[in-house]
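Chemist: Could you work out the structure for the sequence below:
(chains A and B)
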Number of protein chains: 2
Amino acid sequence: MNGLTRVEIARITDKVLDHAQRYFRSEGFLEIKPVMLACITDPLDGDPGSAVLKTGTIEYGGQNLSLMQSMILHKQKLIAEGFEKIFIMSPNIRLEQPHREKTGRHAFEFMQVDFEIAHGKKEDVFRIVEGFMVSLSEEFQSLKERGKIEMPFERHLVKDLEAEYGPDWETIMSRKSRHPFWALGLEREFYDDEKNNYDLILPEGYGEVLSGGQRIHETEAVLERMKSHGILEKNMEYVEFARQGIVPSAGGGIGVDRLVRYIAEAEHVGDVQLFPRIPGRPVTF
Amino acid sequence: MNGLTRVEIARITDKVLDHAQRYFRSEGFLEIKPVMLACITDPLDGDPGSAVLKTGTIEYGGQNLSLMQSMILHKQKLIAEGFEKIFIMSPNIRLEQPHREKTGRHAFEFMQVDFEIAHGKKEDVFRIVEGFMVSLSEEFQSLKERGKIEMPFERHLVKDLEAEYGPDWETIMSRKSRHPFWALGLEREFYDDEKNNYDLILPEGYGEVLSGGQRIHETEAVLERMKSHGILEKNMEYVEFARQGIVPSAGGGIGVDRLVRYIAEAEHVGDVQLFPRIPGRPVTF
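Modeler: Model (predicted):
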């Protein structure tokens, strides 16, 4: 915890939330209210970084409703309707396997600043996110002292990192780095363009803080990937949406809890949650 | 819908969220991240206005976790730890009975600006909330045109309103009124002081937009009420908390969706949710 009290941790969190809300608005984004229950949610298929045991579901009004794993599908629906730039302070539930407790950065409930840009390209996302990180670093003494961050951030192809460091490239590179950097071209969920997706990795061993991508907008291509991932039948509402026409977009989600952990230099993400929600640990309140 | 497009509805929502975040910060409140899953949540006992079918629960890690109905218990826990003024942009899930569709103001998923003031009294809450409503009314042309709101708001005892208008006092008084007013002394959940609680009622028939109260802080009194409401055994984490000592506080929750409905002059709260979550209506995305 680096000696910080819970009120001090909350002050950092408040400042991150405030900064995110102001920054995205100043860039012309509309804040959308989060959705928590839906008939479909991000299946987190195809992402080797996912270790979700199951999707949380409840029965209500004769329907099975899923707890939101990420709002990507809902963001795409709004973009297709004519929304241009949107962000959501989005609580997500991912019921991860208990061994994820050991990573120090997995919580089964967390918040993302989830954003999407209609007709956006990865370069638009890089500019927005880098601007956010640079302005954030100017807000916090603890970040200022750890070295000035400058745009543009370094970019690395994951296939190069894997060739050099093996499958544990993220941990190794994160520990070696003194600045956040982009990792490009990851294995991904059905909706992400495999050649134009990205993770933002924090330095000093804090690891991934953002995942995103340019989204696939060709209906046939996306249905083909859903079929090959074996998730087509379970997501018919998305299939129907895709058949009506997907509007190209790019976006990502910035993990608030992970950012706060990084700023606070905390051992574990559970140390910066006032009510920790960590896989493998009981909930006490 | 009063002819507004979905993007226009979203712009109103964004402005309400922005205004709430700025206003509560300017009054010295810290923004706390919402909690969605917990071992205990507001049981909504004793409130005759509640018509919840069941609490949404999931099993994870050998525990039954409840979907958040309101963060009152978690707010009280933070206040007891030394937090002074807090607010949460809090998504709540209340699995209401399907007949609630007809009220026009019930959604089974909605957002509250949920706030709490350590050692606060109802007068502190009135000042904060009235200031919020007045400044909000200056932000929106549609509110300006419907008449200037001035502090202090009218206050009525519920027992007087019931004597005059019968059990349907809220609907009748809301339709008659041209300004928001306070209704005082309602039948309430176990944690609220029966003599010092309040609802804020919107005019023009839009009905209740805030519920709150001074909280009971005497351990024996609160345990007695839990016992008489038959909810003691199911909330042992709260019992344990109460035994360690409750710090007096007052607060409330402002319904964002209901505020947006009022500003937009929409028929139904479902008309101002981009992804409507209305009891008795199927979820389509």
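
Chemist: which residues of the stretch 151-285 of chain A fall in strands?
Modeler: Applying DSSP state E, counting those that start in this stretch to the stretch 151-285 of chain A gives strands spanning A:154-157, A:181-184, A:192-202, A:207-215, A:249-255.

Chemist: Equivalent analysis for the stretch 1-150 of chain A, please.
Modeler: Counting by DSSP E, counting those that start in this stretch, the stretch 1-150 of chain A has strands at residues A:30-31, A:37-38, A:52-54, A:57-60, A:63-67, A:85-93, A:95-96, A:109-118.

Chemist: what lines up beside the last one in the sheet?
Modeler: Okay, so that is strand A:109-118. Sheet pairing of strand A:109-118 (DSSP bridges) gives strand A:85-93 (antiparallel), strand A:249-255 (antiparallel).

Chemist: May I see the ones you listed arranged in a markdown table, with mean neighbour count and mean pLDDT as well?
Modeler: To be clear about C-beta, it is placed using only N, CA and C from the backbone, and glycine gets the same treatment. Formatted as a markdown table, the strands paired with strand A:109-118 follow (neighbours: other Cβ atoms under 10 Å in any protein chain shown; pLDDT from 0 to 100):
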| stretch | mean neighbour count | mean pLDDT |
| --- | --- | --- |
| strand A:85-93 | 24 | 98 |
| strand A:249-255 | 26 | 98 |
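
Chemist: among these, which is nearest B:Pro91?
Modeler: strand A:85-93 (6.5 Å; Cβ to Cβ).

Chemist: roughly how far out does that closest one sit from the chain middle?
Modeler: For strand A:85-93, the separation from the chain centroid amounts to 9 Å (computed by Cα atoms, centre = their mean, to the nearest Å).

Chemist: ok, back up a step: which of the strands of the stretch 151-285 of chain A sits most buried?
Modeler: Most buried of those by mean neighbour count (mean count of other Cβ atoms under 10 Å in any protein chain shown) is strand A:249-255; its value is a mean of 26.

Chemist: What lies in contact with that one?
Modeler: With contact meaning Cβ atoms under 8 Å, 6 or more residues apart in numbering or on different chains, strand A:249-255 is reached by A:20, A:70, A:72, A:75-76, A:79, A:90, A:92, A:110-122, A:124-125, A:129, A:132, A:196, A:198, A:200, A:208-215, A:217.

Chemist: In space, what's closest to A:Gly104 - neighbours in sequence excluded?
Modeler: A:His268 (4.7 Å; Cβ to Cβ, 6 or more residues apart in numbering or on different chains).

Chemist: That neighbour: neighbouring residues, count only.
Modeler: Neighbourhood size, A:His268 [other Cβ atoms under 10 Å in any protein chain shown]: 19.

Chemist: Which pLDDT value belongs to A:Met1?
Modeler: At A:Met1, the model reports a pLDDT of 49.

Chemist: Any figure for the gap between the nearest residue to A:Asp193 once chain neighbours are set aside and A:Glu220?
Modeler: Using Cβ to Cβ, 6+ apart and skipping residues adjacent in sequence, the residue nearest A:Asp193 is A:Gln214, 4.5 Å away. Per Cβ to Cβ, to the nearest Å, A:Gln214 is found 17 Å from A:Glu220.

Chemist: got it, and A:Asp114?
Modeler: Relative to A:Glu220, and taking Cβ to Cβ, A:Asp114 is found at 27 Å.

Chemist: Could you check which of those two is surrounded by more residues?
Modeler: When A:Asp114 and A:Glu220 are compared for neighbours, A:Asp114 comes out ahead with 24 against 10, by other Cβ under 10 Å.

Chemist: mind listing what the more buried one touches?
Modeler: Counting by Cβ under 8 Å, 6+ apart, A:Asp114 makes contact with A:70-72, A:75, A:87-88, A:90, A:251-254.

Chemist: and which of the residues you listed is nearest to B:Ile9?
Modeler: Distances from B:Ile9 to the contacts of A:Asp114, taken as Cβ to Cβ, are shortest for A:Ile88 (15.4 Å).

Chemist: and the stretch 51-200 of chain A, which of its residues are near chain B?
Modeler: Proximity of the stretch 51-200 of chain A to chain B, by Cβ under 8 Å from any Cβ of the partner chain, involves residues A:53, A:56-58, A:60-63, A:65, A:67, A:73-74, A:77-78, A:81-83, A:86, A:89, A:91, A:93, A:95, A:98, A:108-109, A:111.

Chemist: Of the residues you listed, which qualify as buried by neighbour count?
Modeler: Listed as buried from these are A:56, A:58, A:60-61, A:65, A:67, A:73-74, A:77-78, A:83, A:86, A:89, A:91, A:93, A:95, A:98, A:108-109, A:111; burial here means 16 or more other Cβ atoms under 10 Å in any protein chain shown.

Chemist: Go ahead and confirm the residue nearest to A:Gly104 touches A:Ile278.
Modeler: Yes: if you go by Cβ atoms under 8 Å, A:His268 and A:Ile278 touch, sitting 7.4 Å apart.

Chemist: mind listing the helices for the stretch 151-285 of chain A?
Modeler: With DSSP state H, counting those that start in this stretch, the ranges of helices along the stretch 151-285 of chain A come out as A:158-165, A:169-176, A:219-228, A:236-244, A:256-264.

Chemist: Look up how far chain B lies from the spatially most central residue of chain A.
Modeler: Note on chain A: the residue nearest the mean C-alpha position is A:Gly253, at 3.3 Å, using Cα atoms, centre = their mean. Distance, A:Gly253 to chain B, by Cβ to the nearest Cβ, to the nearest Å: 15 Å.

Chemist: so where's the stretch 151-285 of chain A shaky on pLDDT?
Modeler: Across the stretch 151-285 of chain A, nothing is flagged by pLDDT under 70.

Chemist: Pipe the strands of the stretch 151-285 of chain A into TSV and attach distance to B:Lys227 per row.
Modeler: Listed next are the strands of the stretch 151-285 of chain A as TSV, based on distance: least, Cβ to Cβ, whole Å:
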stretch	distance to B:Lys227
strand A:154-157	61
strand A:181-184	56
strand A:192-202	49
strand A:207-215	47
strand A:249-255	42
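
Chemist: thought A:Gln69 was touching A:Asn92?
Modeler: Yes: counting by Cβ under 8 Å, A:Gln69 touches A:Asn92, with 5.9 Å between them.
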